[in-house]
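J.: here is a sequence with its predicted model. Questions after.
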Amino acid sequence: MVDKQVIFSGIQPSGDLTLGNYLGAVKNWANLQEEYNCYYCVVDLHAITVRQQAAALRSRCLDVMSVLIAAGLDPEKNILFMQSHVSAHAELAWVLNCFTYIGELGRMTQFKEKSEKYADNLNAGLYTYPVLMAADILLYGTHMVPVGADQKQHLEITRDIAVRFNNLYGDVFTVPEPYIPTAGARIMSLAEPEKKMSKSDENENAYIALLDPPDAICRKIKRAVTDSEGRVRFSQDKPGVSNLMSIYSILAGKTLDAVEKEFEGMGYGALKEAVAEAVVAELAPLQERYAQIRADKEYLNRVMADNAAAANAQAARMLAKVYKKIGLAPRKI
């Protein structure tokens, strides 16, 4: 295990995890746990850049942890932890703030987007969010980070910060690379298929939550936007149909060509029915496992404590190294 490369990824406890999160990321994470040292973090500190109701946030943190385990992430093989349970994340973020330039943060597109969306709560955390993300990644000697298109900028600034620090103080941080999975998909909104499926979408018909009951799944897929052509084929100019085909392709283990042939001469109703059945069948065991895990508070508390201890051990070593390099007085860890 020592010789394996390190993968780090974080997921926010905001909204319900969706089929897009699952097929695009989480389902593939489970396949990495034998080959890599994997750190998977529920990034609750990132979540508070937007005002949260305390009890709801606490509950969602446990929900997300339970879903990740139910989806196949083994806490005995992965370091699966809450960000706020490892104080080195916040401590390193402060240090890295001092090695990050205002101009770099000002160019972050996500800050610009969130500034417009949360104009009544334009706090410093929204602005320095990428620095905390850099701390998350750099604490663990991360070699690779699974990233989507909307996170590429944040990985780029992480790399820039690491290189800048290393140029000043020597080989301290591993400079992370993007991890491009061999499997997976970018699952789009059911209501606006030009946009990625998002757990923060205000339209509940736009996404399938992993814990949606079968009737809700079927209803949402039945209402999914298609087009007027009536032919099942994968094409850039048919985003709604292509999205449904992608979902079915992954869940049925078929190529897109095979899916197109399967529904040749059939309408969108047949495709939607097949997609709904495949999604329900895929999520049923996950939901059953989730219910068992979420109800077992003793198990969840033990997982969080054990994994936070493992993450803390690694993070404390890196933080001590950084503190020594920049000239802070030593402390026992």
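T.: Looks like it arrived, so ask away.

J.: mean confidence for stretch 95-103?
T.: Averaged across stretch 95-103, pLDDT comes to 95.

J.: residue ranges with poor pLDDT in the stretch 1-150 of the chain?
T.: Within the stretch 1-150 of the chain, the stretches with pLDDT under 70 are 1-2, 111-119, 148-150.

J.: now the nearest residue to residue 88 once chain neighbours are set aside: which helix or strand?
T.: In space, and not counting its chain neighbours, residue 88 is closest to residue 315: 3.7 Å by C-beta to C-beta, 6 or more residues apart in numbering. Where C-beta positions appear, they are placed from N, C-alpha and C, glycine not excepted. Residue 315 is part of helix 297-326 when elements are defined by DSSP states H and E.

J.: now do the strands in the stretch 151-300 of the chain.
T.: 177-179 (DSSP state E, counting those that start in this stretch).

J.: any stretches of it with poor pLDDT?
T.: Regions of the stretch 151-300 of the chain meeting the criterion pLDDT under 70 cover residues 151, 181-184.

J.: test my guess that the residue nearest to residue 88 contacts residue 85.
T.: No. With contact defined as C-beta atoms under 8 Å, residue 315 does not count as touching residue 85 (10.4 Å).

J.: higher neighbour count, those two?
T.: residue 315 (25 against 17; other C-beta atoms under 10 Å).

J.: give the contact list for that one.
T.: 86, 88-89, 92, 139-140 (C-beta atoms under 8 Å, 6 or more residues apart in numbering).

J.: so what does residue 33 look like in phi/psi?
T.: Dihedral angles of residue 33 (phi, psi; degrees, to the nearest 10) stand at phi -70, psi -20.

J.: surely it meets residue 79?
T.: No. Counting by C-beta under 8 Å, residue 33 stays clear of residue 79, with 10.3 Å between them.

J.: compare these two (neighbour count), which wins?
T.: More crowded of residue 33 and residue 79, by other C-beta under 10 Å: residue 79, with 22 against 18.

J.: pretty sure the more buried one sits against residue 311.
T.: Yes. At 5.2 Å, residue 79 counts as touching residue 311 under the criterion of C-beta under 8 Å.

J.: what do the two both touch?
T.: residue 39.

J.: chain neighbours aside, what residue packs nearest to residue 14?
T.: Using C-beta to C-beta, 6+ apart and skipping the chain neighbours, the partner closest in space to residue 14 is residue 47 (5.2 Å).

J.: so who does that neighbour touch?
T.: Residue 47 makes contact with 12-14, 57, according to C-beta under 8 Å, 6+ apart.

J.: what's the answer for residue 260, then?
T.: 232-234, 245.

J.: can you count the residues close to the nearest residue to residue 239 once chain neighbours are set aside?
T.: Distance criterion C-beta to C-beta, 6+ apart; nearest residue to residue 239, sequence neighbours excluded, is residue 193 at 3.8 Å. Using other C-beta under 10 Å, residue 193 is surrounded by 22 other residues.

J.: shouldn't residue 193 be in contact with residue 240?
T.: Yes. Here residue 193 reaches residue 240: they are 4.3 Å apart, a contact under C-beta under 8 Å.

J.: what touches both of those two?
T.: Residues within reach of residue 193 and of residue 240 at once, by C-beta under 8 Å, 6+ apart, are 224-225.

J.: the stretch 51-200 of the chain: helices as residue ranges?
T.: Listed in chain order, the helices of the stretch 51-200 of the chain (DSSP state H, counting those that start in this stretch) span 54-70, 88-97, 102-106, 109-117, 124-138, 152-169.

J.: deepest-packed of these, please.
T.: Highest mean neighbour count of the helices of the stretch 51-200 of the chain: helix 124-138, a mean of 22 (counted as mean count of other C-beta atoms under 10 Å).

J.: what residues does it touch?
T.: With contacts defined as C-beta under 8 Å, 6+ apart, helix 124-138 is touched by 8, 10, 41, 43, 45-46, 48-49, 83, 88-90, 92-93, 96-97, 100, 105, 108, 110-111, 114-115, 118, 145, 153-155, 157-158, 161-162, 173-174, 176, 318.

J.: that one vs helix 88-97, what angle?
T.: Helix 124-138 runs at 110 degrees relative to helix 88-97, counting by axes from the mean of the first three to the mean of the last three C-alpha atoms, to 10 degrees.

J.: next, the angle from helix 124-138 to helix 152-169.
T.: Angle of helix 124-138 versus helix 152-169, following the same axes, to 10 degrees, is 70 degrees.

J.: separation between the residue lying farthest from the centre of the chain and residue 29?
T.: In the chain, the residue that sits farthest from the middle, by C-alpha atoms, centre = their mean, is residue 265; the gap is 37.8 Å. Residue 265 sits 38 Å away from residue 29, going by C-beta to C-beta, to the nearest Å.

J.: and what of residue 288?
T.: The gap separating residue 288 from residue 29 is 20 Å, by C-beta to C-beta.

J.: more crowded one of the two?
T.: Between residue 288 and residue 29, residue 29 has the larger neighbour count (other C-beta under 10 Å), namely 24 against 10.

J.: right, and the more buried one touches residue 39 too?
T.: No. In this structure residue 29 lies outside contact range of residue 39 using C-beta under 8 Å: 10.7 Å.
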